[in-house]
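[1] curious how this folds, go ahead:
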Amino acid sequence: MIAPTQDLRQSLADAVGAYEASGNMGALMKRLHEIRNSVMADALVSAAEPWLHMPEVAGPLYERIVEDQPRNARAMVILANAYWLSGRGPEVVGELAARALSVDPENRGAWHMWALTESNPRDRTLRWMQVTQRFPADHLAKAALADNAASLAGQEKDREALQLAITTYEELRAASTSLEQQQALDKALTTLRGWKL
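    Numbering: from 1, shown residues only. Predicted structure coming up:
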C-alpha cells in the first residue's frame, strides 16, 4: 500500500515517466489502476493535480474519486473533461455534467461541459447563452457563445444568430486588454459584418 502523499505523487510521476518514455498505454493503465486501488480517494485528489492536463492519467484516477465521492462536483467535472479530451463522447460527458450540476448548480465547469456536449448547433448556442446569462463575467463562455452563433449563422443563414455573434464579440472586444486578442476580435468582427445572409 502506498501511504504518504509524497510517495503517491512519486508513484504517479514514475508511472507517467515510464509511459512518456515508452508510449505503452496498457502498462500505464495497469499501473494507474494499481495505484488508485491502493489509496484513499482523498489522497488521489491532491496527488493527481499535476496530471489533470493528461486525460489518460486524470481519467482513471478520477473514476475512482467519483466512485468514492459521488457528491464531489469538481471531481465529476474533471472526469468529464478527461473523458471529453480522450474522445469518450457527448453522452457520457453530458451525464457527468448533469450529475455535477445536480450536486452544485453553481459549478461553472459543469455548465461549460453541459453546453459543450450538445450536438445540435442551435441548441448548443442556446446552452451557451444560458451559461453567459448565469455567469455574465465568463469570457470563455461568451467566446463559445459567439463562435457557436457565428457557426449557426453561416450554416443556416440565420440573421439573428449573426447579430448575436457580432454583439457578443463586441462585448468581448470592449472588455479585452490584450492587443493580440483585440486584433483577433477586430478581424472576426470585420468578417462577420461583411456577411450577406
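[2] I'd like the next helix or strand past the helix or strand where Ala48 lies.
    In the assignment (DSSP states H and E), Ala48 maps to helix 41-48. For helix 41-48, the following helix or strand on the C-terminal side (DSSP H and E) is helix 55-68.
[3] could you list the residues in contact with that following helix?
    12, 15-16, 19, 25, 28-29, 32-33, 35-37, 40-41, 44-45, 48, 51-52, 72, 75-76, 78-79, 81-86, 96 (C-beta atoms under 8 Å, 6 or more residues apart in numbering). Where C-beta positions appear, they are placed from N, C-alpha and C, glycine not excepted.
[4] swap in stretch 131-142?
    By C-beta under 8 Å, 6+ apart, stretch 131-142 touches 108, 111-112, 114-115, 128, 144-145, 168, 171-172, 175.
[5] same deal with stretch 147-167?
    So stretch 147-167 is contacted by 121-122, 124-125, 128-129, 145-146, 168, 188-189, 192-193, 195, 197 (C-beta under 8 Å, 6+ apart).
[6] buried subset of those residues as a PyMOL selection?
    The buried subset of those, as determined by 16 or more other C-beta atoms under 10 Å, is captured in PyMOL by this line:
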select buried, resi 121+124+125+128+129+145+146+168+188+189+192
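[7] now for the contacts of stretch 147-167: which two are most distant?
    Spanning the widest gap among the contacts of stretch 147-167 are Arg124 and Arg193, at 23.4 Å by C-beta to C-beta.
[8] let me know how buried Glu170 is, in neighbour terms.
    Glu170 has 14 neighbouring residues, counting by other C-beta atoms under 10 Å.
[9] distance of the residue lying closest to it once chain neighbours are set aside relative to Ile65?
    Distances taken as C-beta to C-beta, 6 or more residues apart in numbering put Leu189 closest to Glu170, at 6.7 Å, once the chain neighbours are dropped. Going from Leu189 to Ile65 by C-beta to C-beta, to the nearest Å gives 43 Å.
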